[in-house]
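**Q** Return atomic coordinates for the entry below.
(chains A, B, C and D)
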2 protein chains.
Amino acid sequence: MPRRRKTDPDQALTAAALLFWREGYHAVGTRQIEAETGVTRFTLQTAYGGKMPLFLKALDHYLDRFEATLAPRMTDGRLETLARWFEANVPPEDLAPGAPFGCLMVNSICEFDGGDAGVSARAERFFTMLRQGFGEALAAIERNGAMAPGLDIEARTQLLTACAVSMNIAMRAGSAGGDPAAIARAAAVMVRSWAPADCGPHI
Amino acid sequence: MPRRRKTDPDQALTAAALLFWREGYHAVGTRQIEAETGVTRFTLQTAYGGKMPLFLKALDHYLDRFEATLAPRMTDGRLETLARWFEANVPPEDLAPGAPFGCLMVNSICEFDGGDAGVSARAERFFTMLRQGFGEALAAIERNGAMAPGLDIEARTQLLTACAVSMNIAMRAGSAGGDPAAIARAAAVMVRSWAPADCGPHI
DNA sequence: TATATATCTAGTCAATCGGATAGATTGTCA
DNA sequence: TGACAATCTATCCGATTGACTAGATATATA
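**A** Model (predicted):
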């Protein structure tokens, strides 16, 4: 019976995520949301419950994409795959192709501090995803016997997580933050240095 | 001849930096600045030129402190000093004792993207400071013969910078981001793993 | 002590914010 | 086809924003 919305809800959510990603939560107004996502200010209230609920839905959408596209690509038991994960497509390219906006989740963490429970919950999901992804990838590599001893998996997971997060900050800083690819290269070099060597050079 | 300001300008700048640090630029109002820093809305306009100029001055003040207190503490040619730098007092403790606010500069980078030239200029100073600090520390260590070959200094600098930045993000994420000290420990372990070993374990 | 001047107090301003409302419009199902 | 329901359009609202302005106040110098 009802009338159809102007914009497909899923597409609108993608546009909203991109908007918040680029400009931040506070800097985006409801009128701007209407103009750039097609979600009417009326629908924003009736269907989503306001600006913040829409933001959280967009954040969930973003994390879903992140989990679906990036997380699985790193675990195949090979160290080289992990190294290339950094060198290749770290930001969610399907959401913002070539977008130098960093990471919506990292940006949101900075903006909200611990001030919003909803954001904090997503942040926990994000970090859990990252650490679990890296942790499982490293565990698989170790099971394959493709990793030299030294640092334990916990420490290595922390280092990879740090590189991933820091790359996004560098991206958001633009040229001021240096080339994000330089961090990616360093991470990849570090990962490759974890390869077992019969009596090769030390790290 | 003139009347004295209610609050000492330097002290007010420190308070302003702390305020922006905790809440972000957009979330802080001029009335809140007046209440918490002692800088009157009148003085904010006449002496500083508005909210953004005050913010940039506070950011400069923050970076000055950062440069004065943290940067010099890492270069003495010993790997262990660098490792302990991470484990000890990474956030500028004299500005915000025990403050889980992360880093004002990192937060500002996220908030402004590349949208403000003044902020971008400070970001460049920040990253230059960090990379130069780590780079010189590593170079001194290498000259001391206290570092094993393997990754080059450039890559190691990138890794240390990534750890430092990421620690601040974890701090700002609160419990959702995991223990920031875990990143610090991982960074310290990594640094110590760069020590030369006659024929010790590989990294 | 008188004067000059920087600052403070208090209030105003237009602009914008997120949210709410009323009436017109659209599309589906009975 | 007629009625119902969800959405759209177009305002309107109170609150808050950064910035500005008079008039009062304080302080160092002449």
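
**Q** buried ones in the helix or strand where A:Leu19 lies?
**A** A:Leu19 belongs to helix A:9-23 when assigned by DSSP states H and E. In terms of neighbour count (16 or more other CB atoms under 10 Å in any protein chain shown), helix A:9-23 has its buried residues at A:12-23. Backbone N, C-alpha and C define where each C-beta goes, glycine included.

**Q** After it, which helix or strand is next? Please name it.
**A** Sequence order places helix A:30-37 as the next helix or strand after helix A:9-23, per DSSP H and E.

**Q** Report all helices and strands that that next one contacts.
**A** On a contact count with 3 or more CB pairs under 8 Å, 6 or more residues apart in numbering or on different chains; DSSP states H and E, helix A:30-37 meets helix A:9-23, helix A:41-43, helix A:51-69.

**Q** and these as CSV, adding distance to chain B and mean pLDDT?
**A** What follows is the helices and strands packed on helix A:30-37, written out as CSV (distance: least, CB to the nearest CB, whole Å; pLDDT from 0 to 100):
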stretch, distance to chain B, mean pLDDT
helix A:9-23, 7, 95
helix A:41-43, 21, 97
helix A:51-69, 13, 96
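
**Q** between those helices, which one is nearest to DNA strand D?
**A** Minimum separation from DNA strand D across the helices and strands packed on helix A:30-37 (CB to the nearest atom of the strand) falls at helix A:41-43, 3.4 Å.

**Q** Give the buried residues for that closest one.
**A** A:Thr43.

**Q** Tell me how far it lies from the chain's centre.
**A** Centre-to-centre, helix A:41-43 and its host chain are 29 Å apart (CA atoms, centre = their mean, to the nearest Å).

**Q** on that earlier part again, turn the helices and strands packed on helix A:30-37 into a markdown table, including distance to B:Gln132.
**A** Conversion of the helices and strands packed on helix A:30-37 to a markdown table gives the following (distance: least, CB to CB, whole Å):
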| stretch | distance to B:Gln132 |
| --- | --- |
| helix A:9-23 | 31 |
| helix A:41-43 | 49 |
| helix A:51-69 | 33 |
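
**Q** I'd like those helices as TSV, with distance to DNA strand D appended.
**A** As requested, those are exported to TSV (distance: least, CB to the nearest atom of the strand, whole Å):
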stretch	distance to DNA strand D
helix A:9-23	8
helix A:41-43	3
helix A:51-69	12
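
**Q** tell me the angle of the helix holding A:Leu19 relative to helix A:51-69?
**A** Interaxial angle of helix A:9-23 relative to helix A:51-69 (axes from the mean of the first three to the mean of the last three CA atoms, to 10 degrees): 100 degrees.
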